[in-house]
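> here's a sequence, model it:
(chains A and B, ligands or ions: 1)
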Amino acid sequence: MQPLLYRYDGSFEGFLCCVFDSYARKEQPTEICEESTAQLSLFPVHRVVTDPAHAKRVFSSLRARISAKAEDLVLLGFLTCMHERERVLLQFIRLGFRYGAKVTDMLSDPTVSALEKAVGHLREEAHLLLGFVRFSEYEGRLAAVISPKNQVLPLMQAHFCARFPEETFCIYDDVHNEALLYRPHVGGIFSISAFSLPEADAREQYFRSLWRVFYETIAIQDRENPKCRQTQMPKRYWPHLTEMRPE
Amino acid sequence: MTTLEKLKILTDAAKYDVACTSSGVDRAGKAGALGSSAACGICHSFSADGRCISLLKVLFTNRCICDCQYCLNRRSNDMPRAAFTPRELADLTIAFYRRNYIEGLFLSSGILRNADYTCEMLLETLRILRREYHFRGYIHVKAIPGADEQLLARLGLLADRMSVNIEMPSEKSLQKLCPEKTRQSVLHPMGWIAERIAQNTHELAKYRHAPAFVPAGQSTQMIVGATPESDFQILRLAQGLYQNYGLKRVFYSAYIPVSDSALLPPLGSKPPLQREHRLYQADWLMRFYGFQAQELLDEAHPNLHPQLDPKCCWALRHPEFFPVELERADPHTLLRVPGIGPKSMRAILRARRAGSLRLEALPKLGVVCKRAQYFITCSGRRPKDLVLTPEAMWRALLPAPKKGAAPLPGQLCWEDFMPRMSGGNHAAASLPL
Ligand code: SF4
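The predicted structure follows:
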């Protein structure tokens, strides 16, 4: 197959337009990537223009021609850090249009299994982070920073907004540069280019030290098992965990 | 004493209680309140021993009028003592909860003055949390044996889970080690809680807004390795507790020597962690895989195998059950195959619906083929190049010995493991080769 590159604007709508163009032009791109991260290429490139009407047509056909489950999988798949994410998703949609609703059960197909796995990974990471987020209090407001591999905030939003209905808080994802912002009783996810937290005050330092004392004391020395801890709580989360950061 | 010092002492005193799950109850957040609970449970951290930290697990006080030999807090033990005040502890819980350090509180206590007084302290702590802070997070509280039922009833309306520790796997051991306790003094509150839960379920069915009594149920813990009971005795007891008291969980805690009492393993001896691990696996098989204690062990094999997981052991002892045909087997049968769990079982059912199964696709479905291959066929096909004599299977299923590791004391060989089959070729013959 001739290499053929698609470039798009990186948005979900833009991706749906890649699907649209691929059908309209009767071609299969070998690579789809975001304009801003794309490198200069010697191969033919098609620049996909984001057209909301096209995006809408593709999106509604996911549910109508495949299933609600497939629609979910595409939405979630787009939030993952899967290798060649857009190409796998396009391939999945093509399979879906061919086989219908049963595509989501075709786990032995490499595309379907790759997508399932990536979405599983996304869900797992979002679940882990429900626990690993550490807020600090700044004048009554709570703020936290996370560095996830996947775009997890959309999966965490409902949990935190329901849990802290009367708080004002912010969770900043410094990898994808977006933040979940909430004040009673409105919240949403916003793109943010930079975000920094002030120094913690004495009161905040005090609670951190209480938490560290608890953390250190609760471990049973005779059962020490650093390997098990690290599997359960991978090292890449440690930089934001109060108890793993000596102060 | 500062809160920090108290926290250190009272965490240290609580850490041997193994239960730390926040699971079993779904409670959405609510405007005007603080917090929620997720039925799946959420781990907030993992301590250096690899255990999940979900709840602020502390004792209200480590002062105690009792003298249980296996317990750090026994009155005859010389150690620093402390007690929180209800407000101090409630404030600490809220400060931790808002920072997302924890899912909630796990509150236990030594017995201060008497059971009723202790119970009232716990009650006041929970009242501040629930009524003043409108806290909707998870609360697990220890029922203090011997406390007035009125007090326990009020405690149960504020908590999500209540537990009474059975502590010792047999009445004899309990009497020997806890002079103030009897099996009855433990089972009585357990039975009472079970009854209250049943009654409450009834009330809730009738009046949707009836207050919920320990909606996440009750659990218990027993200490393993401090006394001579076999795994078979322990699992039968656990099974009885699940059946008769509707317990949500039985926790097993490898005994860590904390006392120089002649009745107990000496200080410095290693906690039986491997044994504890196997008990959890067997417990899991009883709760989620439909196994009975009597299937996993019997008088002739009273202990779980140290190196091989209980499901593999069971499978090797029951060649007549295998091979299982993955294309047709029902969910229960699938679950009995080593290397297949609830998740891969569901994946197999899904894949079956989408078309025919292929052996090669099994790893993608989450099946651990290294183990499963000996026990399955797929559209009549068996994995190739397998030696299916029991000896070979047994050797293949054992974990590879670590380089340079000395053989475990009391290591079993194939014949010890299956005396019933060592004579003839019976097992090999029943497996289609
Ligand atoms: S009653 Fe509880 S705290 Fe007191 S000594 Fe016995 S086990 Fe320990």
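
> could you confirm residue A:95 falls within a strand?
No - the assignment for residue A:95, made by DSSP: H, G, I helix; E, B strand; the rest coil, is helix rather than a strand.

> which residue packs closest to it, ignoring adjacent ones?
Nearest-residue entry for residue A:95: residue A:103, 5.2 Å, with adjacent residues in sequence omitted and distances by Cβ to Cβ, 6 or more residues apart in numbering or on different chains. The way it works is simple: take the backbone N, C-alpha and C, and place the C-beta from them, glycine included.

> ok, now how distant is the residue in chain A that the ligand sits nearest to from residue B:269?
Going by Cβ to the nearest ligand atom, the ligand is nearest to residue A:220 of chain A, at 16.2 Å. Distance, residue A:220 to residue B:269, by Cβ to Cβ, to the nearest Å: 15 Å.

> look at those two and report which has more neighbours.
Higher neighbour count among residue A:220 and residue B:269: residue A:220, with 20 against 13, using other Cβ atoms under 10 Å in any protein chain shown.

> so what's the closest residue to the more buried one other than its chain neighbours up against?
Sequence neighbours aside, residue B:49 is the residue nearest to residue A:220 in space, at 5.0 Å (criterion: Cβ to Cβ, 6+ apart). Contacts here follow Cβ atoms under 8 Å, 6 or more residues apart in numbering or on different chains; on that basis residue B:49 touches A:219-221, A:223-225, A:228-229.

> identify the farthest-apart pair in those residues.
Spatially, the most separated pair among these is A:221 and A:228, at 14.5 Å (Cβ to Cβ).

> between the two, which one's more packed in?
The neighbour comparison of residue A:221 against residue A:228 (other Cβ under 10 Å) goes to residue A:228, with 15 against 9.

> pretty sure that one sits against residue B:50.
Yes - between residue A:228 and residue B:50 a contact is recorded at 2.9 Å, counting by Cβ atoms under 8 Å.

> near the ligand, which residues of chain B?
B:64, B:66, B:68, B:71, B:73-74, B:110-111 (Cβ under 6 Å from any ligand atom).

> residue at max distance from the center of chain A?
Ranked by distance from the centre of chain A (Cα atoms, centre = their mean), the top residue is residue A:222, with 38.3 Å.

> that one and residue B:253 touch, don't they?
No - the criterion here is Cβ under 8 Å, and residue A:222 misses it with residue B:253 at 11.9 Å.

> all helices for chain A, in order.
All helices of chain A, identified by DSSP state H, fall at A:12-24, A:52-61, A:68-77, A:85-99, A:110-132, A:153-163, A:202-218, A:226-232.

> buried ones in the third one, by neighbour count?
Residues of helix A:68-77 classed as buried under the neighbour-count rule (16 or more other Cβ atoms under 10 Å in any protein chain shown) are A:70-71, A:73-74, A:76-77.

> wait, which of the contacts of residue B:49 is closest to residue B:187?
Proximity of these to residue B:187 was ranked by Cβ to Cβ; the top entry is residue A:220 with 28.0 Å.

> quick check, central residue of chain A?
Chain A, centroid-nearest residue using Cα atoms, centre = their mean: residue A:151 at 1.6 Å.

> what sits against that residue?
Shown in contact with residue A:151 (Cβ under 8 Å, 6+ apart): A:79-80, A:122, A:173, A:176, A:178.

> tell me the secondary structure of the closest residue to residue B:148 other than its chain neighbours, please.
Nearest non-adjacent residue to residue B:148, counting by Cβ to Cβ, 6+ apart: residue B:116, 5.3 Å away. Classification of residue B:116 using three-state DSSP returns helix.

> where does residue B:116 land on pLDDT?
On the pLDDT scale, residue B:116 is placed at 95.

> what does residue B:413 give?
Looking at residue B:413, the pLDDT reads 41.

> residues in contact with residue 210?
Unless you meant another one, I'm taking chain A. Residue A:210 touches B:3-4, B:7, B:92, B:95-96, counting by Cβ under 8 Å, 6+ apart.

> to clarify, I was referring to chain B.
Listed by Cβ under 8 Å, 6+ apart, the contact set of residue B:210 reads B:200, B:203-204.

> nearest to residue B:150, of those?
Of all those, residue B:150 sits closest to residue B:200, with 15.6 Å by Cβ to Cβ.

> one step back: ok, the residue nearest to residue B:148 to the ligand distance?
Going from residue B:116 to the ligand by Cβ to the nearest ligand atom, to the nearest Å gives 14 Å.

> domain map for the chain?
Just going to use chain A. Domain assignment for chain A, taken from automatic domain parsing, gives A:5-123, A:133-244.

> chain B, not that one
The record's domain parsing of chain B by automatic domain parsing lists B:3-290, B:310-420.

> winner for burial among these?
domain B:3-290 (a mean of 19; mean count of other Cβ atoms under 10 Å in any protein chain shown).
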